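Chemist: how would this look folded up:
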Amino acid sequence: MKKIVILGGGFGGIYTLKYLHKLFHKKENIKLILINDKNYFLFTPLLHEVATGSISLDNAIEPIREIIRCSDFEFIHSKVLSIDLEKKLIKTDINELTYDYLVIALGSSPNFYNIKDAEKYTFTLKSIDDAIKLKNHIIHLFERSNLGCGDISENLTFIVSGGGATGVELSADLASYFYKTFSKFYSKNLIQNIKIILIQKEKELLPRFSFKLRQKAYEILKKLGVLIILEKSIEEVGENFIKLSDGQIIKTKTVIWTSGVKPNLIDIKGNILYGLKNRIIVNDFLQVENYKEVFALGDIAVFKESNLPELAQAATKEAKVVALNIYNLIKNKPLKKFIFKSSGYLLSLGRFYAIGEIKNIFISGFWVWILWRGVYLSKMISVRDKIKTLVDWIVSLFLERDITEI
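Modeler: Numbers count the residues shown, from 1 in each chain. Model (predicted):
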């Protein structure tokens, strides 16, 4: 009996399970085990839409047991505490277990870069709880402002820290939410006090994307009413203010942190090497250096000489190679190198509009937004959730965004 254990239920872990299950289904000498502290798979790229009322919670999560509708794997609902690579032993908050092959896909968490009180006073978008907390906070501020409670300018100034894909999409969604949905329920005077400020420490938004895509995103955000501050960073966050690197103080009760991530590292005993951003170094086959039976992928892994993209797209591609290489190890076959080839990039910029780049061709508009929706629908694994989500999305085309507290 060969025991294959996967740590983490994000894109990397779930897709590795999916591919391994396909390769080893009904093989009595193989046992697949997934360990995760939540019993669902979360579509993190859709969290900004949950926070801004575009989609329901159900559209962003899939129960793990429903994804693999088969008893031919074991799910352990617990938190991983430590790994001993020499003893091949995993310790969780409820038990200990051994493995023959291990996949580390524990994902990442927000990186606050030791900025004073950033962790204490900011909102993040890495979990369902984060999205719920942010949505409720936004609605609460509008209701308080409508009653004349507090400083209306402070209440309705929304800061987004970080000009990457998440920050850009969130800023556009906030603008669409406020100016197109909230404007139908709140007074014109209140809406006129809204400020959405996107802060990016680099010279441009979306630095990893092409010039055309960066330029178009900037133009659309400006048109939506988003104030963009470039080449400045946040140095301090307070309960009702931020301080920028040039000393400027901006009064606000809402700072949303999308400025980067760090790997979810746990206590790992063994001769393990760490590289860029303290991520686990893997070889070309995605094996952890010095341990041929251990693999790492997603936001927790990095090549020794180059970076691995911190993208869901990359994690799903890595998962396929990891699953195949575990199969090849067991079958004594040559391993396959991982080479990332982008399938293209798509960004939603508010309701019914998206931009993208596929094979160096720039695309934009409503139908690109439909394509963006379709891509995420295709990444859902269970047929039931695909159908349910598709129906919800079709209905939402004809309805306003949701303004209900959750």
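
Chemist: what is Ile280 paired to in the beta sheet?
Modeler: Under DSSP bridges, the beta-bridge partners of Ile280 are Tyr274, Ala301.

Chemist: Just to check, it is in contact with Pro263?
Modeler: Yes: contact between Ile280 and Pro263 holds when scored by C-beta atoms under 8 Å: they sit 7.3 Å apart. Placement of C-beta: from N, CA and C, glycine included.

Chemist: Tell me the secondary structure at Ile14.
Modeler: helix (DSSP: H, G, I helix; E, B strand; the rest coil).

Chemist: quick one on the thing from earlier: need the residues touching each of Ile280 and Pro263.
Modeler: Ile300 (C-beta atoms under 8 Å, 6 or more residues apart in numbering).

Chemist: in the one helix or strand Ile4 maps to, what's buried?
Modeler: In this assignment (DSSP states H and E), Ile4 forms part of strand 2-7. For strand 2-7, a neighbour-count test (16 or more other C-beta atoms under 10 Å) marks 2-7 as buried.

Chemist: just checking, what packs against it?
Modeler: helix 11-24, strand 30-36, strand 96-98, strand 101-104 (3 or more C-beta pairs under 8 Å, 6 or more residues apart in numbering; DSSP states H and E).

Chemist: And the spatially most central residue of the chain, how close does it get to Leu397?
Modeler: By C-alpha atoms, centre = their mean, the chain has its centre lying nearest to Thr44, at 3.6 Å. Distance of Thr44 to Leu397, computed by C-beta to C-beta, to the nearest Å: 24 Å.

Chemist: Equivalent analysis for Asn29, please.
Modeler: Distance from Asn29 to Leu397, by C-beta to C-beta: 49 Å.

Chemist: again, but for Thr316
Modeler: Applying C-beta to C-beta to Thr316 and Leu397 gives a distance of 27 Å.

Chemist: between these two, who's got more neighbours?
Modeler: Between Thr316 and Leu397, counted using other C-beta atoms under 10 Å, the more crowded position is Thr316 (20 against 10).

Chemist: I figured that one hits Gly13, correct?
Modeler: No: with contact defined as C-beta under 8 Å, Thr316 does not reach Gly13; the gap is 10.8 Å.

Chemist: The nearest residue to Phe43 once chain neighbours are set aside: what's it in contact with?
Modeler: Nearest residue to Phe43, sequence neighbours excluded (C-beta to C-beta, 6 or more residues apart in numbering): Ala60, at 4.8 Å. Counting by C-beta under 8 Å, 6+ apart, Ala60 touches 42-43, 46-47, 49-50, 128, 131.

Chemist: hmm, back to that, state the mean pLDDT of the strand holding Ile4.
Modeler: Mean pLDDT, computed over strand 2-7, is 97.

Chemist: and what of stretch 130-141?
Modeler: pLDDT averaged over stretch 130-141 gives 97.

Chemist: which other residues reach it?
Modeler: Taking C-beta under 8 Å, 6+ apart as the rule, stretch 130-141 contacts 47-48, 50-53, 57, 60, 123-125, 155-156, 158, 177, 253-254, 256, 403-406.

Chemist: Just the buried subset of the residues you listed, written out for ChimeraX, thanks.
Modeler: Selection command for ChimeraX covering only the buried members of the contacts of stretch 130-141, criterion 16+ other C-beta under 10 Å:
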select :47,48,50,51,52,53,60,123,124,125,155,156,158,177,253,254,256,403
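
Chemist: Please narrow the contacts of stretch 130-141 to those residing in strands.
Modeler: 158, 254, 256 (DSSP state E).

Chemist: Make TSV out of those residues and add distance to Leu244 and pLDDT.
Modeler: Formatted as TSV, those follow (distance: C-beta to C-beta, whole Å; pLDDT from 0 to 100):
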residue	distance to Leu244	pLDDT
Phe158	16	98
Thr254	16	98
Ile256	16	98
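
Chemist: can you put those residues in JSON lines and add distance to Ile194?
Modeler: Below are those laid out as JSON lines (distance: C-beta to C-beta, whole Å):
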{"residue": "Phe158", "distance to Ile194": "8"}
{"residue": "Thr254", "distance to Ile194": "11"}
{"residue": "Ile256", "distance to Ile194": "15"}
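
Chemist: quick check, nearest of those to Glu143?
Modeler: The nearest member of the ones in strands among the contacts of stretch 130-141 to Glu143, counting by C-beta to C-beta, is Thr254 at 14.1 Å.

Chemist: That closest one reaches Glu154, doesn't it?
Modeler: No: checked against C-beta under 8 Å, the pair Thr254 and Glu154 is beyond contact range at 9.4 Å.

Chemist: Quick one: the helices in the stretch 251-400 of the chain, in order.
Modeler: Using DSSP state H, counting those that start in this stretch, the helices of the stretch 251-400 of the chain run over 312-330, 366-379, 383-396.

Chemist: elements contacting the first one?
Modeler: Contacts defined by 3+ C-beta pairs under 8 Å, 6+ apart place helix 312-330 against helix 11-24, strand 101-104, strand 294-296.

Chemist: That's all I had, so thanks and see you.
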